[in-house]
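Chemist: Need the 3D shape of this:
(chains A, B, C, D, E, F, G and H, ligands or ions: 10)
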Amino acid sequence: MTTDEPVLHPVGEKLPSLLQSGEHDLCPGCGEPVAIRILLETLAELGLSTSTIGVVGIGCYTAFARTLDVDLVQALHGRAPSVATGVKRMQPDKAVFTLQGDGDMVNEGLQEVLHTAARGENVTCVLLNNGVFGETGGHMTATSVLGQRTKTSLTGRDAEYHGYPIVIGDLLAQLEGAAYIARGSVQNAGAVAHTKRMMRKAFESQMAGGGFSMVEVLTMCPTGWFVPTAEGPGYMGDTLGQVHVMGELKTR
Amino acid sequence: MTTDEPVLHPVGEKLPSLLQSGEHDLCPGCGEPVAIRILLETLAELGLSTSTIGVVGIGCYTAFARTLDVDLVQALHGRAPSVATGVKRMQPDKAVFTLQGDGDMVNEGLQEVLHTAARGENVTCVLLNNGVFGETGGHMTATSVLGQRTKTSLTGRDAEYHGYPIVIGDLLAQLEGAAYIARGSVQNAGAVAHTKRMMRKAFESQMAGGGFSMVEVLTMCPTGWFVPTAEGPGYMGDTLGQVHVMGELKTR
Amino acid sequence: MSTHTVTVRGTVHIDIEMCKGCELCIPACRPAVLVMSTDVNETGYRYPELLPGCTGCRACLDVCPDFCFEVFKYEHPFTVEVDA
Amino acid sequence: MSTHTVTVRGTVHIDIEMCKGCELCIPACRPAVLVMSTDVNETGYRYPELLPGCTGCRACLDVCPDFCFEVFKYEHPFTVEVDA
Amino acid sequence: MSKRLMEGSEAMVEAAITSGCRFFAGYPMTPFTEVLENFAKKLPEVGGVCVNAESELEAVGMAWGALATGARAATGSTGQGLSLMQESFSEITLAELPLVAFNMARGQGDYFQSTRGGGHGDYRHIVLAPMDIAEAVELTQLAFHLADTWRNPVLVQGDYLLAHTAESVDVSPADFGPVPDKDWAVDGSGGGSGASKVISPLGIGKTNTPGPGIEGQMQAVADKLTRIAAAEPRAESGFLDDAEHVVVAFGTPAKFVRYAVRRLRDKGLRVGYVRPITLWPFPADAVAAAAAGKQSVLVFELNAGQMIDDVRLAVLGSAPVRFIGGISTDHSGFGVGALLDVEVIAGRIEEAVQAGVAA
Amino acid sequence: MSKRLMEGSEAMVEAAITSGCRFFAGYPMTPFTEVLENFAKKLPEVGGVCVNAESELEAVGMAWGALATGARAATGSTGQGLSLMQESFSEITLAELPLVAFNMARGQGDYFQSTRGGGHGDYRHIVLAPMDIAEAVELTQLAFHLADTWRNPVLVQGDYLLAHTAESVDVSPADFGPVPDKDWAVDGSGGGSGASKVISPLGIGKTNTPGPGIEGQMQAVADKLTRIAAAEPRAESGFLDDAEHVVVAFGTPAKFVRYAVRRLRDKGLRVGYVRPITLWPFPADAVAAAAAGKQSVLVFELNAGQMIDDVRLAVLGSAPVRFIGGISTDHSGFGVGALLDVEVIAGRIEEAVQAGVAA
Amino acid sequence: MERELLLTGIGGQGVQLAAQVVARAATLEGRDVMLFGVYGGVMRGGNSDATVVVGDGPVQAPPIVSHAWSALALHPRYWEPLRVRLVPDAVVVVNSSLFDEPVEMPRVFEIPATQVATEELGNPMAVSMVATGAYVALTGLVSLDSAIAAMEESLPAYRRQHAAANAAALQAGADLVDALAAPAWPGLTAEAPA
Amino acid sequence: MERELLLTGIGGQGVQLAAQVVARAATLEGRDVMLFGVYGGVMRGGNSDATVVVGDGPVQAPPIVSHAWSALALHPRYWEPLRVRLVPDAVVVVNSSLFDEPVEMPRVFEIPATQVATEELGNPMAVSMVATGAYVALTGLVSLDSAIAAMEESLPAYRRQHAAANAAALQAGADLVDALAAPAWPGLTAEAPA
Ligand SMILES: Cc1ncc(C[n+]2csc(CCOP(=O)(O)OP(=O)(O)O)c2C)c(N)n1
Ligand SMILES: Cc1ncc(C[n+]2csc(CCOP(=O)(O)OP(=O)(O)O)c2C)c(N)n1
Ligand code: SF4
Ligand code: SF4
Ligand code: SF4
Ligand code: SF4
Ligand code: SF4
Ligand code: SF4
Ligand SMILES: [Mg+2]
Ligand SMILES: [Mg+2]
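Modeler: Ligands and ions are numbered 1, 2, ... in the order given. From the prediction side, this is the model:
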């Protein structure tokens, strides 16, 4: 190796500019922080750092309410879309987003997000979909796919016993009030880059007054799935990713 | 006219066998009693009179809880599908239905019906969809269509201001747990007959263990729409009927 | 006054006191043998009256929100002469 | 022992104390210049170490859940000899 | 401004708007519906927003969001709809957001829900119970002021009669003096500066500006509630001077009671009344003072007996406390029953007084 | 059956199942989650059903439906989740369905919610507050019995410690004697007979068999609650004989208090305790008896002061009542804080006693 | 001083409009007013009652009054429960066109309101305005001018075209009675109604 | 009579298993037992504490005890807050392999548990079992036999294969100490542990 002092150009900061600290208690191999980085970078790149209000749901990601360097409102489990509605109506020029998990958005708060979308509310909902209630110990949620392992479906979700998953992105895409709906993932670096473009489009749509937008991000939960961290992305691709398929589901 | 005493065969009883009284306080020209007749006749014709439990929501139709000669549980506004779930799980051999309005099912209880459907719960939800909260005075609901007149949209529902309608039957039909979803109406005698066939199929599906079924019936609410009773069916055809289109939306 | 012949296959009993005058039964009747009264019932509503020519199709019963109709078919249809 | 030549376009700083050993960065690195340590950090986790040949693509940074990476590109790429 | 004839719902909405309320969300329910209808009509006229929320849960969530931006905002329903909001009511109190909520109740059965906090945990809402429309106007305006002053929710408790009676009233803006700056509100400008904010019931802050933590937050709110309890009790009383008996009642029924007491005075009965205007904080001192030395304290409320607990806690055994109210509603359940009659009430007071004298 | 080592959540679930509970629905929330998990595991083994409901609102609705068929059924959550169930709690009480609900609370801040009815209207749930697992087993079994006896919901109030502590316990079926027939339950067979039924909170019946109407139903339930209030108060007490001071506490913290009192007795302090086992009906007579002639009544609860109202209502000024509890939780908010320490509690009792003597 | 007026009739007769007219007229005259209407929803033929209290200071009476100074009875169907709430010498204006039995009270004024509206005015919708005209003329609770102004205020936009006919009906009612035969306020002197 | 045992260590050392073993063993022996474990979730290196109380009748102590008769300390990191809750003459078994500083209390038993587990048994996962073996041998709170049976009961199905190694570790721990050097119950006499 040469020993000269070569000139270095930073191409990736350790922390996104909108994160006060990288420390967190989330599990090793968790996909949520990765998705949050995408969100924060997008906001900064769109110049929205000083004109954004986020509304945070309740799940593992809630821990980030302390570290995101963005004005935030902490909502109750499931209620973020309505809170975001109230925020947006009073601050119509600001970028308003929610950060929710599948338990939060698709179980407890299914009605909230659907009505918000139907209303064509001009906010962006960000869904971190891992198919489990991570925070309470990895139980099955309304998005867990058939065959998926969770704490309450250790041998895989079974339609007969547990019912069928709700493919929330597709459902939201049905609603006329929805302007932009897309589903990405943090399965690998390519997916991250792809998802980031979706995130950008969603906020661009909001800032253009397009109506409701939603970016769903499939995230690994090795803890709830009972898989080694390194196998998380692969397991996700084989299970969640087969049903909640990546792609833009609605553009307007 | 001849004056002989000719032989008469009854072809239509005044009251369905499952109705204790035909008196009710619903408005002139209301479509709800017509839909309820369809439901009751179907139950009787399928031989389910003594093995049916109904769960009634809150709306104008609630007045019928006193007169339906069927075992009933009165639920709170929006909550009937969960109550029906509890009933069905303990009485799996019985026919279990809900009777709900659009305000009840699609506003307050949207989440309940979607989760019940996704779970593939083997119950039949009957929706009386008039696009208004009739009971509280005719306000716009989540199913009111663009241009529809209601107490809160006297000049017609406007997407920009009021958001878009939820086409609930179509949405439910998306869910894998749904076995039979159909939309009829009581617009005229033909529609009544057609809707009755749908009602029959829904209960047949339930009794065969098919999973979730739903029959949506478009009903006139001349009071909430501010139209003369005789114009109710026509107005319905021009508004609600254009968006919530009659037909079988899912069969399995 | 000219007359014409009408076949009568059925008939209806109308509980006029139950009627709320909504007129939904009127267009439901294909042979158009229901017409609204000029008189009102106890509650103040006009109600349908039957002209000859009922087919016993029960369309009126099916669309009436107030359970006013009972429908019958004659075992043997017959004809009557009515004013045109 | 044979050697071969590797072009170095970038480098990363790894905050090994932040690392929770999930190994997600390992397959993310196309040139496969990240390998897990045999040693553990203060909290007891193994962590990635950089071999020569980084391209500065920031894939590791993008997939790391624990904000361990800082990525740089060299203004002038250079080559090194490494053991095969 | 001269007096105009207005229904209670309309007057309260105008009062809210003169107080600067610019956001409302609600879901129809008798007898609250007209409050929503009036907000829907009048807020857009002043550049405000009224959302016909899809349910009570959405309604309170929307108000939460609007409040977080520093706007004056409100929601409401009947007690039944408010039951659905209890999780939010509890946590919004911990988050110290100045919500105003209208409970157009069915009868007076919601006293416990309103005053004890129907939700989980330690929290209280200031509860204002007007007896008629003129007072409803005044207390609605006060509600927004108190909410902002204390950063605590305030409930305006009415009923079917208050909503649907019309009175000639004057709704002019009221000035209660300044309220603290809303430097806690979020407008989105804090991002990236290291000084962004978070509005949370959990006592969290940011890494750079840590919050008090959950225990600290709960304790801070509890301490504040203790201060409110000392500062804000309100009551009205009458005919106490030489009274031997005192009747306690609140809300619309108190207007019946007051009228009945006046009639009984005309008949020579030495009876007075005290009317809690704030249900929480309960005007325990006023009630205790009114009860002092009386032969009996009679409690009239349209429920199975709820405020009577607070009366007993105020009186603490120093005078006998008797219940002369009860459940009363018409067939609709809207809470306007046979007991809402001055004659009946006067009769119950007389009976109780005689029973007391006999005993 | 011999004793087995079981966590509280597991023991309560086994107790429920031995009591014939065959339906459960719930939604995870710490520290209630394990109750749900145990029901999910054990109910299918006995032919019962546990539904992982999609939210608390669904959960209570499902239980409502199951109860209507005559099954023994339950739901639960933490106080926060129960806040979402308040509309249903109120109305299910009016519908007279024998719900059992578990509140695995975070601390003791839900006392008001549990005892005053957090929802609208006049209703009460019987509230049982076990102090440890053995008692939790017994009271869970009693809960199902009381619910059926009175056709009224019963709440079993626990906390983080109760859920997560393991004890060696014996869960054998308990026999509390017969309960009334469930002739009101629906099984679908009534249709077409003219004798079909309707289960409703609104007091309606059918045309053929009219109900009492809404006022009648509300009054009937209120009257029943009065009878429950007389029949069902339960309390435990100790060291009262020569005591000069008495401490009142409930639930798990009462076990700390009892232990602390015992230690203080060893040190010669003349202090006793009384522990409400039913929070509603509150054992006012037992507390009043315990307080009679004492120098002070000390109330320890892990909240800002809620049960103290009931203690004051029981004692009615006949002895000074002092609060020695407080808000206390760890950073998670789960309610296990620094006050849950025998030393600290004993210290507070000693201090209060000395302050009382000094005063 | 407070003056109470109870109104009763059935759906469709215009009871609520009559109550509005009196209440708004009194408001126009600077009095304090309270108005509470109870009506059984949309159903034709149902009960329609209302209460108006007019005071010379803030109204002390609660919205449901148990002792009323006067009544306006357009239809006998729901008259009885209202009658028991009148003071013994209450001023009672009765639509004699529909009351078969005479009302046995000391100060009853029988007005053939339905007959006047239908036959003289050719306007069956005007029953309540005829009776109201008579009531205000008899009592002077408010002036006829105020009543007419109040009637115009009370009509929703889409009914403004009825204003003139209603005014005529009020006048016709007033013309049926002796002005101030039962004065509401002390010191009122009889003038010809405007 | 009640005997309290506080356990402390860090995530991964097996503290919760050790607590289970003692609690279940006592249950097997017919004693009344209470067990409360607090552990900081999934994170490696976090705090892992537990409390066991064994009684000869229903346990009176609350789940968080402020005066404990004994302690088992596998790691020094969270030792201090636990130490203050011990009675002055508490029986303390310390994993001397990881404690740099000696514990200054009258009845401390230093057991090189990590060293024995790693070096002698070649089983680094067995640290807590070695220490538990020593503790039960020293105190007789439960018998070693019961501890072994309880250990088998405590293993989840997918870990049953570790039973023999754990049994050996318990025995190895017991062998490190003088049996009943600190007897838990009155009247216990020293026998060679089984
Ligand atoms: C009303 C309510 N019910 C239940 C909970 C408990 N709870 C907290 S987080 C959570 C699950 C969160 O799941 P998800 O949103 O998918 O987030 P994840 O933990 O998977 O990131 C639940 C059920 C709660 N906080 N509030
Ligand atoms: C929780 C709750 N919110 C509001 C209401 C008030 N409410 C009663 S009926 C009704 C509307 C019913 O609408 P829908 O179900 O469409 O029936 P319809 O009256 O149109 O037949 C409402 C909002 C209620 N009963 N409960
Ligand atoms: S439980 Fe799952 S979602 Fe939660 S932090 Fe751990 S891996 Fe992430
Ligand atoms: S309001 Fe509408 S739905 Fe209700 S009874 Fe009248 S017409 Fe029917
Ligand atoms: S039965 Fe048919 S033909 Fe006869 S009246 Fe009715 S609709 Fe007309
Ligand atoms: S449909 Fe029925 S209610 Fe309507 S007019 Fe005909 S008979 Fe009367
Ligand atoms: S920047 Fe790219 S090449 Fe360099 S270590 Fe990271 S992933 Fe590998
Ligand atoms: S992805 Fe991050 S946390 Fe995971 S092993 Fe690599 S550096 Fe460590
Ligand atoms: Mg999740
Ligand atoms: Mg409707």
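
Chemist: Quick check: residue E:157 is in a strand.
Modeler: Yes. Residue E:157 sits within a strand when classified using DSSP: H, G, I helix; E, B strand; the rest coil.

Chemist: neighbours of it, just the number please.
Modeler: 28 (other CB atoms under 10 Å in any protein chain shown). Backbone N, C-alpha and C define where each C-beta goes, glycine included.

Chemist: Look up how far residue E:104 lies from it.
Modeler: Residue E:157 is 9 Å from residue E:104, where distance means CB to CB, to the nearest Å.

Chemist: Could I get the full set of strands for chain C?
Modeler: For chain C, applying DSSP state E gives strands covering C:3-14, C:34-36, C:48-50, C:69-83.

Chemist: Repeat that for the stretch 251-359 of chain E.
Modeler: E:271-276, E:278-280, E:296-299, E:321-323 (DSSP state E, counting those that start in this stretch).

Chemist: Given the second one, what are its sheet partners and their directions?
Modeler: In its sheet, strand E:278-280 lies beside strand E:126-128 (antiparallel), with partners assigned from DSSP bridges.

Chemist: Establish whether the lowest-mean-pLDDT helix or strand in chain G and chain E are in contact.
Modeler: Lowest by mean pLDDT, DSSP states H and E among the helices and strands of chain G is strand G:32-39, with a mean of 89. Yes. If you take CB under 8 Å from any CB of the partner chain as the test, strand G:32-39 does meet chain E, through G:32-38.

Chemist: how far away is residue A:137 from ligand 6?
Modeler: According to CB to the nearest ligand atom, to the nearest Å, residue A:137 and ligand 6 sit 59 Å apart.

Chemist: Can you give me every residue that contacts the residue lying closest to residue C:72 once chain neighbours are set aside?
Modeler: Spatial nearest neighbour of residue C:72, excluding adjacent residues (CB to CB, 6 or more residues apart in numbering or on different chains): residue B:8 at 4.2 Å. Each residue near residue B:8 by CB atoms under 8 Å, 6 or more residues apart in numbering or on different chains is listed here: C:11, C:72-75.

Chemist: Once you drop chain neighbours, what's closest to the residue minimising distance to the centre of chain G?
Modeler: Taking CA atoms, centre = their mean, the centroid of chain G lies closest to residue G:132, which sits 4.0 Å from it. In space, residue G:132 comes closest to residue G:18 once its chain neighbours are excluded; the distance is 4.6 Å by CB to CB, 6+ apart.

Chemist: Distance check, residue A:120 against residue B:98.
Modeler: 29 Å.

Chemist: again, but for residue A:73
Modeler: In terms of CB to CB, residue A:73 sits 35 Å off from residue B:98.

Chemist: for residue E:103, same thing?
Modeler: Counting by CB to CB, the gap from residue E:103 to residue B:98 is 29 Å.

Chemist: between the two, who's got more neighbours?
Modeler: Per other CB under 10 Å, whichever of residue E:103 and residue B:98 has more neighbours is residue B:98, with 30 against 25.

Chemist: Assign the more buried one to helix, strand or coil.
Modeler: strand.

Chemist: quick revisit: might you report the residue contacts of the residue nearest to the centre of chain G?
Modeler: Taking CB under 8 Å, 6+ apart, we find residue G:132 in contact with G:18, G:21-22, G:72, G:147, G:170, G:173.

Chemist: now with 7 Å?
Modeler: With contact set as CB atoms under 7 Å, 6 or more residues apart in numbering or on different chains, residue G:132 has these partners: G:18, G:21-22, G:147, G:170, G:173.

Chemist: Over to residue E:317?
Modeler: By CB under 7 Å, 6+ apart, the neighbours of residue E:317 are F:316-318.

Chemist: what about the residue nearest to residue G:132, neighbour count?
Modeler: 30.

Chemist: any idea which element it lies in?
Modeler: Here residue G:18 sits within helix G:15-28, counting by DSSP states H and E.

Chemist: any residues touching that helix, and which ones?
Modeler: Helix G:15-28 has contacts (CB under 7 Å, 6+ apart) with E:3-5, E:166, E:168, G:5, G:7-9, G:33, G:35, G:37, G:39, G:48-50, G:52, G:54, G:72, G:74, G:128, G:131-132, G:141-142, G:146-147, G:149-151, G:153-154.

Chemist: That one to strand G:32-39, inter-axis angle?
Modeler: Note on geometry: by axes from the mean of the first three to the mean of the last three CA atoms, to 10 degrees, helix G:15-28 and strand G:32-39 are set 170 degrees apart in direction.

Chemist: Which pLDDT value goes with the closest residue to chain C within the stretch 201-350 of chain E?
Modeler: Here the stretch 201-350 of chain E gets closest to chain C at one residue, residue E:331, 19.7 Å apart by CB to the nearest CB. On pLDDT, residue E:331 comes in at 87.

Chemist: For the residue in chain C positioned nearest to chain H, which non-adjacent residue is closest in space?
Modeler: For chain C, the residue closest to chain H is residue C:65, as judged by CB to the nearest CB, at 60.7 Å. Closest residue in space to residue C:65, ignoring its immediate chain neighbours: residue B:33 at 4.2 Å, by CB to CB, 6+ apart.

Chemist: what's the residue lying closest to residue C:25 once chain neighbours are set aside in contact with, if anything?
Modeler: Leaving aside its sequence neighbours, residue C:25 sits nearest to residue C:60 (CB to CB, 6+ apart; 4.2 Å). Contact analysis of residue C:60 by CB under 7 Å, 6+ apart lists C:12, C:25, C:28-29, C:34, C:69.

Chemist: and these as JSON lines, adding pLDDT and distance to residue E:261?
Modeler: Below are these laid out as JSON lines (pLDDT from 0 to 100; distance: CB to CB, whole Å):
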{"residue": "C:12", "pLDDT": "98", "distance to residue E:261": "63"}
{"residue": "C:25", "pLDDT": "98", "distance to residue E:261": "58"}
{"residue": "C:28", "pLDDT": "97", "distance to residue E:261": "62"}
{"residue": "C:29", "pLDDT": "98", "distance to residue E:261": "65"}
{"residue": "C:34", "pLDDT": "98", "distance to residue E:261": "62"}
{"residue": "C:69", "pLDDT": "98", "distance to residue E:261": "58"}
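
Chemist: Neighbours of the nearest residue to residue G:99 once chain neighbours are set aside, how many?
Modeler: Spatial nearest neighbour of residue G:99, excluding adjacent residues (CB to CB, 6+ apart): residue G:76 at 5.1 Å. Per other CB under 10 Å, the neighbour tally for residue G:76 reads 17.

Chemist: Scan chain A for its longest helix.
Modeler: When chain A is scanned for its longest helix (criterion: DSSP state H), the result is helix A:189-207.

Chemist: which other residues reach the very next helix or strand once past that helix?
Modeler: Sequence-wise, the next helix or strand downstream of helix A:189-207 (DSSP H and E) is strand A:212-218. With contact meaning CB under 7 Å, 6+ apart, strand A:212-218 is reached by A:35, A:116-117, A:120-129, A:168-169, A:172, A:177-187, A:195, A:198-199, A:202, A:205-206, A:236, A:240-241, A:244.
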